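Based on what follows, work out the 3D shape:
(2 chains)
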Amino acid sequence: MSETIARAAPRHPAGRIPLPGAGAIDCDIHPAVSGMAALLPYLSTHWREQVTLRGIDGLDSASYPLRVSAHGRPDWRPENAKPGSGPATLIAHAVDAFGTAIAICNPLYGVQALPNADMSAALCRAVNEWLAHEYLDRDPRLRGSALVPLRDPDLAAAEIERVAADRRFVQVLVPAMGEAPLGRRLHWPILRAAERHGMPLGIHAGSMFKHATSSNGWPSYHLEDTVLQSHAFQAQLLSLVSEGAFAEFPRLRVVLLEAGFTWLPQFLWRATRTWRAMRAEVPWVDRSPADIIREHVRVTIQPTDAPPTADAMSRVLAQLGSDRMLLFSTDYPHWHFDGLDALPAGIPDAMLPRLLSENALETYPRLQGQGLCAWTPVKAEP
Amino acid sequence: MSQTETLTHAETRLQIIDCDIHPAMRSARDLYPFLAQRWREHLDTYGLRLPAPFTASSPYPKAAPALSRADAWPPNGAPPGADLDFMRAQLLDAYDIGFGILHLLSPSGMDQRNQAFGAALCRAINEWQVATWTGPEPRLKGSIALPGEDAAAAVAELEHWAGHPDFVQVSMVTHTIEPLGRRRYWPIYEAAAAAGLPVGLHTSGYNGHAVTAAGWPSFYVEEHHEVAISQQAVAASLILEGVFAHLPDLRAVIVEAGFAWVPSLGWRLDQHWARMRDEVPHVARPPSEYMRQNLWYTTQPMDEPERPRDLRDVMDWIGWDRILFATDYPHWDFDEPRDAFKIRLSDGERRRVFADNARALYRLP
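Alright, predicted model coming up:
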C-alpha cells in the first residue's frame, strides 16, 4: 500500500478523495507545438533548410482539428494560440489546478504521419527536444513521451535509444491507427528498445491516414472518426497478443491513451473465446488474451465512455476484473468534463489510490525510486 | 427465479426461430440455371472477382474446411449446408426450429468488382433460394441478396421480390466500398423501409480496405474478431450518417457479430455525440436511442463473460427485445440452442430471444 499517498489524501465528507491534495499522476496531457518555427532550433542544418525552402508547416494532426470543442475546453483555450500552448498556461491549468504530482506530456503534433521516414525522424526528434527544453526543463512535475517515426522501426528504435538517456522521457508514443498492426515483427525493434529502457509503449488515439478510419471506408464525420478510434485500439491489442509480443518482451507495458475503457470487458471475453477456438494457430500464446492484457496493458480514464449510471459503471469495473489497469488522466486540454471533475461517477473509493497514482507508478518504471511512493513493481497476477 | 420461469424450451414446446442459417452450393455453377449464357461464360472464365488475393480461398484461411463443423458434411458428399434433407435432420428437426432465416455467404453478388455480373449473380442467388430452399421447405425464409454497391440495381432487385412470401428481409454485405450509412446506399434503405423489409447485415464481403484502421493483421484469430468489430462501425455509420433519422421506420439486423459490444458502443457514441453534435445536426437524438429503436442483434457467436452472470447485465442494458437467437449452422462456431446461454433465462426471456423478437421483426406467423 502506498503510505505516502494514503496520508496525503484526506477524505472529504462525502468520502470522496478530492483531486487537489491527492498527489495524482496524470498520464495524459497535451502540450501543443505552435508551429514549425518552434521546432527550427531543434533541427539539423539540412532539415532546417528543407523546412524553410519548402515552406513545410501546418502538421497538426487531422485527427484533432483544433477548433472542435472536444479538443479544447473553453476555459483552457488561450487567446490567439492553440489549446495546450505555452508551459506557463499548461502548468497552471493542468498541474497546479489539480494538485498533480506528476503529469506526462503527450504531444500530438502529426509528424509521425509524414511519408518520408527521414523527415519524420528528424521532426520527431525535434518535437522531443522541444518538449525537453520548453516544458520538462520548466517544471520538475512534468514528464514526457517520445514521438518516434513509426514508418521506419529502425529509426524509431534509434530515437528511443537517444532519448532514453533523459529519464524524464518515460514512454514511447505512437498513434493507434498506423500503417501495420503494432505487434507485427517489423515493429519489434521498437518494442525491444522500449522494453530495454523501461518505457511503456503508449498508443494514443490518432491516425497516420494510411488506412481508412473504418474497415468499411472513410466516414463522413469527424465524430465518427473519433468514435472508431476505440476499434483501432482493439486491433492493436489483438495484434500485440497474437503475434507473441508479450511472450518475446515479457517486461513490455502498453498504455492505451484516450481509448475509452468501458469496451474492454466484452473485448476480453470475445478475444478469449476466439483464442480458445483458434489457439493452435498461435501456439506461442499460451495464456488467455484476457490474462495477458490484464498483466501488460493499462488504460487512461479520459474520455470515459461512461454508462449513464454510477451503478452501471461499477458493474463495468467489476467485469474488468482488475483494479490495476486504469490510469488517471485529465486529457488536458481536451474537453470531457468541467472544473476538476475528472473522476467518472461509479468508481469505488477503494480503487482511487490505485487509479490516481499507484497503477501509474507500477506502469512507468522511470517514475519509480523518486520518493513518489513506496509501491513495489508489478507482479503477474495469480 | 421460480420453477415455472426456468422451464426449458422443450418443456414449453417453444419453437425456435434461428436467425442465421447458411445454405451452400456445391459450386457457383449451381447458379447456371438462373444465369444468362453471357454470365455463365464469365463465371467460367473470369470467376468471382473480389478485391482479395485468392481465387478460391478467403484471404485468411479459416478455422475448418468449408468453415464448417466436422459433422456437418452430408453423407451424399455435398458441402456442409448444401443438402436440404441433411439440414432438416441435423438442424431444423433436431432443435425444433420453427423458422430459419437464410444468409448465403458465397458466392456473393454485392462485392463483385464487375457490378453488372454482381447484379446478375444476386438475381440468380435469389431464384436459387426459392427453387432450392424456401420453396421445398416452408420453415426456411430467404434474404433478398442485393447488389448494394449499385443502388439503382439494388432497388430494382428489391422491388422485384418485395411481397414474395418466401423472403423476409434484404441482405447486403458489410464490408462495403463506403461506410454503409453513406448517401450512395440511401435509395436502398428508402426502398426497404417502403417495402417493410428489414435490412440483414451479415458480417461478410470484401472491399479492399484493411480490416482494421491500423492495417492488416497476420492471423485468422485476429481477423475473425476484427470482422465482428467492424460491425460496430456499420452500426455507428448508419446512425451518425443519419439513415435512421431520415427513415425512422427502417429496421436493420447486425448478424454474426455477437452483442456484448452494444452497450459500450452506445455509451461511447453518446459521449462524443454530446460534445460534437454541432457536426451532425441531423442526428437529433442520442445515438444509443437509435441502437434501441432501429437495430437488432443476433446472438452468434455468443458472448461468454468470465462470470456468466455478467451476460444478464449486458442483455438488460441492450434491451431484451433487441436480441435474436442464431446458430450460424453449419459453421464451425455453431451455437447449440440448448447450451448457448450460460445463464438461466426465464421462460419469458427465452421466448423473446429464441422466437418472439424475430417473429415480430420478420412478421412471421
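
residues in contact with the most centrally placed residue in chain A?
Nearest to the geometric centre of chain A sits A:L257, at 3.3 Å (Cα atoms, centre = their mean). A:L257 is in contact with A:C27, A:D28, A:N106, A:G202, A:I203, A:H204, A:A205, A:T300, A:S329, counting by Cβ atoms under 8 Å, 6 or more residues apart in numbering or on different chains. Every C-beta, even on glycine, is put in place using the N, C-alpha and C of the backbone.

What backbone torsions are found at it?
Dihedral pair for A:L257: phi -110, psi 130, per degrees, to the nearest 10.

What distance do you get for it to B:I343?
Here A:L257 is placed at a distance of 35 Å from B:I343 (Cβ to Cβ, to the nearest Å).

Mind jotting down where the helices sit in the chain?
You didn't pick a chain, so chain A it is. In chain A, the helices defined using DSSP state H lie at A:3-7, A:36-39, A:45-54, A:87-90, A:117-131, A:153-163, A:188-196, A:222-242, A:245-248, A:264-278, A:289-296, A:310-320, A:352-353, A:359-363.

Let me rephrase: I mean chain B.
Using DSSP H, helices in chain B cover B:37-45, B:84-87, B:115-129, B:151-161, B:186-195, B:220-240, B:243-246, B:261-276, B:287-293, B:310-318, B:347-351, B:357-362.

mind putting those in JSON lines, distance to A:T45 included?
Formatted as JSON lines, the helices of chain B follow (distance: least, Cβ to Cβ, whole Å):
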{"stretch": "helix B:37-45", "distance to A:T45": "60"}
{"stretch": "helix B:84-87", "distance to A:T45": "73"}
{"stretch": "helix B:115-129", "distance to A:T45": "54"}
{"stretch": "helix B:151-161", "distance to A:T45": "56"}
{"stretch": "helix B:186-195", "distance to A:T45": "55"}
{"stretch": "helix B:220-240", "distance to A:T45": "44"}
{"stretch": "helix B:243-246", "distance to A:T45": "55"}
{"stretch": "helix B:261-276", "distance to A:T45": "43"}
{"stretch": "helix B:287-293", "distance to A:T45": "52"}
{"stretch": "helix B:310-318", "distance to A:T45": "59"}
{"stretch": "helix B:347-351", "distance to A:T45": "72"}
{"stretch": "helix B:357-362", "distance to A:T45": "68"}
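
Quick check: which of the ones you listed is buried the most?
By mean neighbour count, with neighbours taken as mean count of other Cβ atoms under 10 Å in any protein chain shown, helix B:220-240 ranks first of those at a mean of 25.

State the mean pLDDT of it.
Here helix B:220-240 scores 97 as its mean pLDDT.

Tell me what angle that helix forms with helix B:261-276.
Taking axes from the mean of the first three to the mean of the last three Cα atoms, to 10 degrees, one finds helix B:220-240 and helix B:261-276 inclined to each other by 50 degrees.

Just list what helix B:220-240 packs against, helices and strands only.
helix A:222-242, helix A:264-278, strand B:252-255, helix B:261-276, helix B:287-293 (3 or more Cβ pairs under 8 Å, 6 or more residues apart in numbering or on different chains; DSSP states H and E).

helices or strands next to the last one in the packing?
Counting contacts by 3+ Cβ pairs under 8 Å, 6+ apart, helix B:287-293 packs against helix B:220-240, helix B:243-246, helix B:261-276.

so how far is the last one off the chain centroid?
The reference is to helix B:261-276. From the chain centre to the centre of helix B:261-276 is a distance of 23 Å (Cα atoms, centre = their mean, to the nearest Å).

Okay, angle between it and helix A:264-278 too, please.
Calculated by the same axes, to 10 degrees, helix B:261-276 forms an angle of 140 degrees with helix A:264-278.

Please apply the same query to the longest one.
What separates the directions of helix B:220-240 and helix A:264-278 is an angle of 140 degrees, with the same axes, to 10 degrees.

Just the CA atoms of helix B:220-240, as CSV, please.
What follows is helix B:220-240, C-alpha atoms only, in CSV (Å, rounded to 0.1, in the frame of the first residue of the first chain):
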residue,chain,number,x,y,z
TYR,B,220,-7.3,-15.5,-38.5
VAL,B,221,-7.6,-15.4,-34.7
GLU,B,222,-7.3,-11.6,-35.1
GLU,B,223,-9.3,-11.2,-38.3
HIS,B,224,-12.2,-13.3,-37.0
HIS,B,225,-12.6,-11.0,-34.1
GLU,B,226,-12.0,-7.9,-36.2
VAL,B,227,-14.7,-8.5,-38.7
ALA,B,228,-17.1,-8.6,-35.7
ILE,B,229,-15.7,-5.3,-34.5
SER,B,230,-16.2,-3.8,-38.0
GLN,B,231,-19.9,-4.4,-37.5
GLN,B,232,-19.7,-1.8,-34.7
ALA,B,233,-18.6,0.6,-37.4
VAL,B,234,-21.6,-0.4,-39.5
ALA,B,235,-23.9,0.5,-36.6
ALA,B,236,-22.1,3.8,-36.0
SER,B,237,-22.3,4.7,-39.7
LEU,B,238,-26.0,4.0,-40.0
ILE,B,239,-26.7,6.2,-37.0
LEU,B,240,-24.2,9.1,-37.5
